[in-house]
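Colleague: Next comes the sequence, and after it the predicted model I'd like to discuss.
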Number of protein chains: 2
Amino acid sequence: MKFSCQKSKLSEAISIASKAVSSKRNMEIMECILLIAKSNELTMIANDMETGIETVVDQGIDIEEAGMIAINAKMLSDVIHKMPEGEITIYSDEQTYISFKSGDILFDKILAHSGDTFTLLPNISYNYQFKISSFSLKEMIRQTIFSVGGEDSNKMMTGELFEIKEDHLRIVSLDGHRVSLKRVKLKEHNEDRKVIVPSRTLNELSKIIDDDPEKEILICISDNHILFKYKNTKMVSLLIDGDYYEIDALMTTDYSTKVIINRQSLLSCIDRSTLLIRETDRKPVIFDIRDRVMKIQMVSDIGSMNEPLPVAKEGDNLKIAFNPRYFIDALKVIGDEEVTLYMTNPKYPCFIRDEEDSYIYLILPVNF
Amino acid sequence: MKFSCQKSKLSEAISIASKAVSSKRNMEIMECILLIAKSNELTMIANDMETGIETVVDQGIDIEEAGMIAINAKMLSDVIHKMPEGEITIYSDEQTYISFKSGDILFDKILAHSGDTFTLLPNISYNYQFKISSFSLKEMIRQTIFSVGGEDSNKMMTGELFEIKEDHLRIVSLDGHRVSLKRVKLKEHNEDRKVIVPSRTLNELSKIIDDDPEKEILICISDNHILFKYKNTKMVSLLIDGDYYEIDALMTTDYSTKVIINRQSLLSCIDRSTLLIRETDRKPVIFDIRDRVMKIQMVSDIGSMNEPLPVAKEGDNLKIAFNPRYFIDALKVIGDEEVTLYMTNPKYPCFIRDEEDSYIYLILPVNF
């Protein structure tokens, strides 16, 4: 194998492929990126067996001799990063070594691995596909992914529901204490379909895609896999098997107290209140809702906080308490200047939702 | 105690005082900042028993009732940080509680400590003093402090020598493998004097002072203490007891090979070579010096690197090897575009020095 390529093009591709390199350090070959040079294209592949990425460099590249070799992703990234700007020539014996040359600088016979032992991306026939703008998908992931369950929770909670229904895409996450839901209309008509995508895949995907409303992502689905196609990159992931929770049953629109409040004021106030919580205890933040004012209170063994916030209120007075973290997470990702809270009683969930139901954040209250 | 003060003034003072708060968490009171309010001044004091800081807020402050109280530095910093911009009113019962009010926001009865148990800064009569610009001192510390010895080395190596001699200040650090020396002329005449200042003190000091050539620091010395006075802040530190190493005996000007080289090229090249070193092994970087060219080489079990750099050379050809880290540290802090290396043989130290001896970096070679 021998080719020359601009440093910037190599860096970009390495940064993309690295998102699917295993961090678990269980097998040396899984920490590698496979380089395949042929017919004026360089393909980089990484595969941690749950998620696989394939990205193609087809500009600023000159293939002299086809071939392939696998090299530790961090070593590859570091060597390219520390080379000066401009063209880098890369060649290898296909089996054990790879060399890098830039002007007079020579990194020679760097240990590498034969590409034969590398697991390529699975070759799957997909039976469903839809398109969405890169901007929308990136936003939807950001606005929901914080409430997926941790590693010790039910496998289903560690993923996000992708549901296409009546030409809308709905992305949902939940962790047993809260539900986050984002919904957007798709441009084209699509059959109804739903799958559960691992949150790790979505985290890495959103680092790769731009927040550009003009660029589209093609999403293909099979029984067990999902494929995201974006520019010169393909990302394949296993799906999580099973039926997702029946979230529509939770999403009542009944309420007896409705509060409209400035989002940033509420966020800053709840954030301040957390100063009084030590890491080990779980003090709730209390909302004391009256006409025109909502008093936010926190009492702990460190001290107390009290802050009245102006609100527009409809319905009953209410005193209700929450885990402050859950409110902070939701309020941080909502874009609106004002948010509306719908509550029923101190035992019943609070809903933060807009009029179009483009987002719904359900948060369970706690005792106080 | 009761006073009102602008958030920005409080933040600035807290940030300064925090530099002398103990991080060892051995005694609650040593993690505190003492607030003393009297006659239109707020004084903040922190003291970890090696270093003490006293800083005064005398603008944007309105003292309503004199008094003092100690509060955990992190809590104080966090509460002030999370308050909105503008005036904050602070009051306390002098014994157990402190409260913070900003507009409608009230942090009430936050746990605090009586100031009576707080150790104030020692009251010392200093018998020597000199002045230096804040810019010069900050630069001199930055350009030498990286080669102080680690915690397990001789106590003397953990400090820096401050030596006033013939109206120059010389700051020196060494760790057994290298010596770093910076020298500047002082504006005023001063008697000769030398002391050893703990590196932790100097690290924290350089975070407090600005790199402003117009601002001066007054440095006062007694037998056991050093005091830095800068704007509204005093920093007192214990000195390290003992006679520092006789560094002048090491500082020969003999050489048989002299090399002039672009600093940034050499730095980038040595930095690149370290990619081939695993954390556990200590491969040296080899300088192969010939006429007009110095080849930089690294060979390890990962691979090899070779890079020829153009140089102006006087004297003998030489092949010599170094710990790359030590060269990187020195080359990073030198401001000159070109550096001059003076060497004698592969066993003898390399000196990086300028013509005025405003800096000297001595680096011992290693076997290869």
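Modeller: On my side now, so go ahead. Numbers count the residues shown, from 1 in each chain, chains lettered A, B, ... in the order given.
Colleague: Closest residue of the stretch 201-350 of chain A to chain B?
Modeller: Going by Cβ to the nearest Cβ, chain B is nearest to residue A:303 of the stretch 201-350 of chain A, at 3.6 Å. Using the backbone N, CA and C atoms, a C-beta is placed for each residue, glycine as well.
Colleague: Chain neighbours aside, what residue packs nearest to residue A:253?
Modeller: residue A:342 (7.6 Å; Cβ to Cβ, 6 or more residues apart in numbering or on different chains).
Colleague: and that neighbour, what element?
Modeller: strand A:338-343 (DSSP states H and E).
Colleague: Can you give the strand pairings for the helix or strand just after that strand, parallel or anti for each?
Modeller: Using DSSP H and E, the helix or strand that follows strand A:338-343 in sequence is strand A:350-353. Strand A:350-353 pairs in its sheet with strand A:338-343 (antiparallel), strand A:359-363 (antiparallel), by DSSP bridges.
Colleague: Quick one: residues in contact with strand A:350-353.
Modeller: For strand A:350-353, the surrounding residues in contact (Cβ atoms under 8 Å, 6 or more residues apart in numbering or on different chains) are A:251, A:255, A:320, A:322, A:330-331, A:334, A:339-343, A:359-363, A:365.
Colleague: Ok, stretch A:43-51 next?
Modeller: Contacts of stretch A:43-51 (Cβ under 8 Å, 6+ apart): A:13-14, A:16-22, A:24, A:30, A:32-36, A:52-57, A:73, A:118-121, A:198, A:200-201, A:204, A:235-238.
Colleague: Show me the residues you listed that map onto helices.
Modeller: Under the assignment DSSP state H, those contribute A:13-14, A:16-17, A:73, A:200-201, A:204 to helices.
Colleague: and the two most separated of these?
Modeller: A:13 and A:200 (20.8 Å; Cβ to Cβ).
Colleague: who's more crowded, these two?
Modeller: Applying other Cβ atoms under 10 Å in any protein chain shown to residue A:13 and residue A:200 shows that residue A:13 carries more neighbours, namely 24 against 17.
Colleague: Keep only those of the ones in helices among the contacts of stretch A:43-51 that are also close to chain B.
Modeller: With the criterion set as Cβ under 8 Å from any Cβ of the partner chain, no member of these is near chain B.
Colleague: can those go into TSV with extra columns for pLDDT?
Modeller: Shown next, in TSV, are these (pLDDT from 0 to 100):
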residue	pLDDT
A:13	98
A:14	98
A:16	98
A:17	98
A:73	97
A:200	95
A:201	97
A:204	97
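Colleague: which of those has the most neighbours?
Modeller: residue A:17 (27 neighbours).
Colleague: how close does it sit to chain B?
Modeller: 19 Å (Cβ to the nearest Cβ, to the nearest Å).
Colleague: can I assume that residue is in contact with residue A:73?
Modeller: Yes: shown here, residue A:17 and residue A:73 form a contact pair, counting by Cβ atoms under 8 Å, at 7.2 Å.
Colleague: who touches both of those two?
Modeller: Between them, residue A:17 and residue A:73 share the contacting residues A:33, A:46, judged by Cβ under 8 Å, 6+ apart.
Colleague: for chain B, what are the nearby residues on the stretch 251-368 of chain A?
Modeller: Going by Cβ under 8 Å from any Cβ, the residues of the stretch 251-368 of chain A near chain B are A:268-269, A:271-272, A:275-276, A:301-308.
Colleague: re earlier: residues of the strand holding residue A:342 that come out buried?
Modeller: Buried residues in strand A:338-343, counting neighbours by 16 or more other Cβ atoms under 10 Å in any protein chain shown, are found at A:339-343.
Colleague: Other residues contacting it?
Modeller: With Cβ under 8 Å, 6+ apart as the criterion, strand A:338-343 contacts A:253, A:255-263, A:266, A:289, A:318, A:320, A:331, A:350-354.
Colleague: if we go to 6 Å?
Modeller: Contacting residues not belonging to strand A:338-343 are listed as A:255, A:257-260, A:262-263, A:318, A:350-352 [Cβ atoms under 6 Å, 6 or more residues apart in numbering or on different chains].
Colleague: Could you report the pLDDT at the spatially closest residue to residue A:177 that is not a sequence neighbour?
Modeller: Nearest non-adjacent residue to residue A:177, counting by Cβ to Cβ, 6+ apart: residue A:364, 5.2 Å away. On pLDDT, residue A:364 comes in at 97.
Colleague: Residue A:318 bridge partners, please.
Modeller: According to DSSP bridges, beta-bridge pairing links residue A:318 with residue A:289.
Colleague: and it, what pLDDT?
Modeller: Predicted confidence (pLDDT) for residue A:318: 98.
Colleague: mind listing the helices for the stretch 151-300 of chain A?
Modeller: A:199-208, A:263-273 (DSSP state H, counting those that start in this stretch).
Colleague: I'd like to know which of the contacts of strand A:338-343 are buried.
Modeller: A:255, A:257-259, A:262-263, A:318, A:350-352.
Colleague: wait, which of those residues is closest to residue B:157?
Modeller: residue A:263 (54.9 Å).
Colleague: Against chain B, how distant is the residue lying closest to residue A:239 once chain neighbours are set aside?
Modeller: Nearest residue to residue A:239, sequence neighbours excluded (Cβ to Cβ, 6+ apart): residue A:195, at 5.1 Å. Using Cβ to the nearest Cβ, residue A:195 is found at 41 Å from chain B.
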